[in-house]
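> Sequence first, then the predicted structure:
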Amino acid sequence: MNFKHHPTPAIAAALLGLLGAGCSLLPIQPAQPDAARYYTLSAAGVAPAVPAAPGPRLMLLRVEVPAYLQHRPMVTRLGENEVRISDEARWAEPLDLGIAAVLNARLEALTGVHGMEARDFAHDYDVIVRVSHCEGETVGDRGTVRFAADIDLLKPGNNREVIAHRSFTAAPAAWDGKDYAALARALSLAVSDLAAEIVAAVPEK
């Protein structure tokens, strides 16, 4: 004779209680808030008065940045061959787009020519900027801001003739290695100075 054994209601309740107790013993990890802070480059506060006569009409084709700067976390250089990627400080937008926005705003202010971002804008020169450094640098207990770029001015058209080439290195600026808002401001000023260098590279007629 075969007997089928079924747990009594009391045993079933006890088993469910043990299962419930076991589940409650698992650690519950609270959601961690995002501790990162986000920064942008800005042309605010550095634009000069619009010149009386319009200057050269410049079209910024593109800004190129090296691969290690194409990530949102901000970079601090610790030596010529070592960088640190920050977990707490990040760019709010891709760095090439941020640099391009500041350059366009500054170029308009420096030349008095508006509409430089429009693709159908009639212009005198195409501009390509290749950034090589855009970061803070700390060596020992000393910190500086490092920004450098190459500039190519090209005649519009199919032959892409390079009319002028310049290498730009921003003047050294102190940085404490901790204040990333100050680093973003200093880099903004460096990009502003780069815009002035682009205008200065235009050949005299």
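That came through fine. Residues are numbered from 1 along each chain as shown.
> Enumerate the positions of the top helix by length along the chain that are buried.
Scanning the chain for the helix with the most residues, using DSSP state H, yields helix 180-200. For helix 180-200, the buried set under the neighbour-count rule, 16 or more other C-beta atoms under 10 Å, comprises 180, 182-195, 197-198. Every C-beta, even on glycine, is put in place using the N, C-alpha and C of the backbone.
> Stretch 53-73 now?
Neighbour-count burial for stretch 53-73, counted by 16+ other C-beta under 10 Å, picks out G55, P56, R57, L58, M59, L60, V63, V65, L69.
> Let's see the distance spanning it from one end to the other.
41 Å (C-alpha to C-alpha, to the nearest Å).
> List the contacts of stretch 82-97.
Contacts of stretch 82-97 with the rest of the structure, by C-beta atoms under 8 Å, 6 or more residues apart in numbering, involve 35-40, 62-65, 68-78, 98, 131, 134-135, 180, 183.
> Where strands are concerned, which of those count?
37-39, 62-64, 73-78, 131, 134-135 (DSSP state E).
> From those residues, list the buried ones, please.
Buried residues within the ones in strands among the contacts of stretch 82-97, defined by neighbour count using 16+ other C-beta under 10 Å: Y39, V63, M74, V75, T76, R77, V131, C134, E135.
> out of those, which one sits closest to A109?
Nearest to A109 among these is V63, at 17.8 Å by C-beta to C-beta.
> on that earlier part again, return the member of the ones in strands among the contacts of stretch 82-97 nearest to Y125.
Taking C-beta to C-beta as the measure, R62 is the one of these closest to Y125, at 13.9 Å.
> measure that closest one to I198 for me?
According to C-beta to C-beta, to the nearest Å, R62 stands 13 Å off from I198.
> which residues do those two both contact?
What both R62 and I198 touch, as defined by C-beta under 8 Å, 6+ apart, is the set V129.
> Poorly predicted segments of this structure, please.
Along the chain, segments meeting pLDDT under 70 span 1-34, 45-50, 52.
> for the protein, what spans make up the strands?
With strands called from DSSP E, the chain shows them at 37-39, 58-64, 73-79, 82-91, 125-139, 142-154, 162-169, 173-174.
> How about G115, nearest residue that isn't a chain neighbour?
Spatial nearest neighbour of G115, excluding adjacent residues (C-beta to C-beta, 6 or more residues apart in numbering): F121 at 5.0 Å.
> Just give me the neighbour total for that neighbour.
Look at F121: counted by other C-beta atoms under 10 Å, it has 13 neighbours.
> picking that back up, just flag the most distant two among the buried ones among the ones in strands among the contacts of stretch 82-97.
Farthest pair in these, by C-beta to C-beta: V63 and T76, 21.1 Å.
> could I get the buried ones among the ones in strands among the contacts of stretch 82-97 as CSV with distance to L110?
Shown next, in CSV, are those (distance: C-beta to C-beta, whole Å):
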residue, distance to L110
Y39, 24
V63, 17
M74, 27
V75, 28
T76, 31
R77, 29
V131, 19
C134, 20
E135, 25
